[in-house]
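Undergrad: Structure of the sequence below:
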Amino acid sequence: MNVMEIYRSVQGEGTLMGVPTTFVRFFACNLRCSWCDTKYSWSVREGGTWEALSVDTVVERILALGARHVVLTGGEPMLQRDLPALAHTLRGHNLHLTVETNSTLFRPELVELINLWSLSPKLHGAGTGALRLEPLRQFMQLPAAHQQWKFVITGEDDLAQLLSFVSAHSAFAERQLPLIWQPEGRWAEQNYAEALEWLAERAQQPAWNPFFVRVLPQMHILIWGQKRLV
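TA: Numbers count the residues shown, from 1 in each chain. I've put the predicted structure just below:
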């Protein structure tokens, strides 16, 4: 497995915000988001370095850090061939597993192994093109308790695209799939409270009433900024 870093911190995003967590960051990504805060995980050109580690070595390092919650992230973790073997072994140690993914790849062999799918489709503001509907529709079929949909918002255009997307897919309203809105980090760092207020006001608009919207910060950005290994 191509591993960039394994470290312990607290979860800074989503429904498990604040929980002590071990993070495993894998090398390589199949997208190039304009606002990405881990561009070093893209390729060697962006300064990326990694270790080629066996599943057993990754497990050993995770267990040594002692956290019950583990996040498999990147880059794009779904590109790792041995991800199912790693997940299976970690579940055998009674660990809670989150996969943070851009949702462009769906691997059915992982479905029963992951406790929480943290799905982060990219909107127009990321500059990566259209949403890839086929894998997104497969993720929608998973149990609602095992998924959260995180969207980085850069402005009104992103919210308009998101409303069109969720309105076209009944699962979001009928199953109340959680929609987590986060302000894009560079914009938010200028005035985080103002950015959150802007999102909070729009979340109360009638068009969003059918949906389960949560406006949340990235806590690690508030505490440490863009610092690595936190």
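
Undergrad: in the sheet, who's paired with the residue nearest to the spatial centre of the chain?
TA: Central residue of the chain (Cα atoms, centre = their mean): E100, 3.6 Å from the mean position. According to DSSP bridges, the residues that bridge with E100 are S118.

Undergrad: contacting residues for it?
TA: 71-74, 77, 118, 120 (Cβ atoms under 8 Å, 6 or more residues apart in numbering). Where you see a C-beta, it was placed from the backbone N, CA and C, and this is true even at glycine.

Undergrad: how does it look with 10 Å?
TA: 13-14, 23, 25, 71-78, 116-120, 150 (Cβ atoms under 10 Å, 6 or more residues apart in numbering).

Undergrad: Quick one: mean pLDDT for stretch 166-185?
TA: For stretch 166-185, mean pLDDT rounds to 96.

Undergrad: hang on, the earlier thing: from A173, how far out is the residue nearest to the centre of the chain?
TA: In this view, E100 and A173 are 25 Å apart by Cβ to Cβ, to the nearest Å.

Undergrad: part of a helix, is V70?
TA: No. Going by DSSP: H, G, I helix; E, B strand; the rest coil, the assignment for V70 is strand, not a helix.

Undergrad: surely it meets S9?
TA: No. Judged on Cβ atoms under 10 Å, V70 makes no contact with S9 at a distance of 11.9 Å.

Undergrad: Distance of R68 relative to V19?
TA: 9 Å.

Undergrad: So which residues make contact with stretch 183-194?
TA: By Cβ under 10 Å, 6+ apart, the list of residues contacting stretch 183-194 reads 33-37, 123, 125-126, 152-155, 158, 182, 195-199, 215-218, 220-222, 225-226.

Undergrad: nope, stretch 84-97 is what I was after
TA: Contacts of stretch 84-97 (Cβ under 10 Å, 6+ apart): 1, 16, 19, 21-22, 24, 26, 53-56, 58-59, 62-63, 67-72, 77, 80, 82, 99, 107-110, 112-117.
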